[in-house]
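**Student:** this one's sequence-less:
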Ligand code: HPA
């Protein structure tokens, strides 16, 4: 995908990259505060990878308190050009069933009061507006899709991600509204992460893992136990997918 370094941001269910042969951990301080933890750097199936667990090493940072700016800035500053974001989501539309991998191609931001931009109008650049027509890097998305096909993982190859504020789950009526808006998936971390990645000109795509049917889309209530169980089985497939995606990224010429 590019000559720069490659990073994985791990979400719920992926706080550690088991096969990463760690060579060092880098504690980064940024103008925006502290990232979710040190960058863990090592060899992953023969390729260098930087790993950052979005919610911290012990999964203690809730979605609305993640320092997205510090995370993205730290990666950029470490020379990262490609970011694979792994994220747990709820499935809204019919085919977004628990355990399924989805590679979204669109996102709608329903979050509020998060630090969502690097462009506060206080720099030399004046007012800056980045294009977000296609929020994810299409080359990286296609690499994820091709790898998933090769492995027969049956990933959903497109979908609109609804980024909600959390940390509570949604009401059934909120999910109905998100579906009317055209959303297929719902998660709490896609924004501002996706927009900040674009502001830093990072090549960014999301590998979403459906942890549960969204509120009102299945019998009964959503339990943390159900989410953990589905994530656990789906992460096995994510861990198959990631090494192949990274290998393919390294084979491709820079865009
Ligand atoms: N809603 C929002 N975020 C989520 C969900 C959900 O149902 N499941 C996992 N992350």
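**Tutor:** Noted; the coordinates are in hand. On a predicted model such as this, the values are computed, not experimentally measured, just so you know. Residues are numbered from 1 along each chain as shown.
**Student:** only C-alpha atoms from now on, for both contacts and neighbour counts.
**Tutor:** Noted.
**Student:** quick check: residues of the stretch 51-200 of the chain near the ligand?
**Tutor:** 88, 89, 90, 169, 186, 187, 188 (CA under 6 Å from any ligand atom).
**Student:** can you pick the most crowded of these?
**Tutor:** Most neighbours among these, by other CA atoms under 10 Å: residue 89, with 32 neighbours.
**Student:** for the stretch 101-250 of the chain, give the residue positioned nearest to the ligand.
**Tutor:** With CA to the nearest ligand atom, the shortest gap between the stretch 101-250 of the chain and the ligand falls at residue 187, namely 3.4 Å.
**Student:** isn't that residue up against residue 89?
**Tutor:** Yes. Between residue 187 and residue 89 there is a contact under CA atoms under 8 Å: 4.5 Å.
**Student:** phi, psi for the residue nearest the centre of the chain please.
**Tutor:** By CA atoms, centre = their mean, the chain has its centre lying nearest to residue 85, at 2.9 Å. Per-residue torsions, residue 85: phi -100, psi 120 (degrees, to the nearest 10).
**Student:** and the gap between residue 74 and the ligand?
**Tutor:** Using CA to the nearest ligand atom, to the nearest Å, we find residue 74 at a distance of 25 Å from the ligand.
**Student:** point out where the chain drops to low pLDDT.
**Tutor:** For the chain, residues meeting the criterion pLDDT under 70 lie at 1-3, 252-255.
**Student:** the stretch 151-255 of the chain: strands as residue ranges?
**Tutor:** Assigned by DSSP state E, counting those that start in this stretch, the stretch 151-255 of the chain shows strands spanning 160-163, 185-187, 203-213.
**Student:** how about these in JSON lines, adding distance to residue 154?
**Tutor:** Formatted as JSON lines, those follow (distance: least, CA to CA, whole Å):
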{"stretch": "strand 160-163", "distance to residue 154": "17"}
{"stretch": "strand 185-187", "distance to residue 154": "16"}
{"stretch": "strand 203-213", "distance to residue 154": "12"}
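**Student:** among the ones you listed, which is nearest residue 244?
**Tutor:** Nearest to residue 244, of all those, is strand 203-213, at 13.3 Å by CA to CA.
**Student:** thank you, goodbye.
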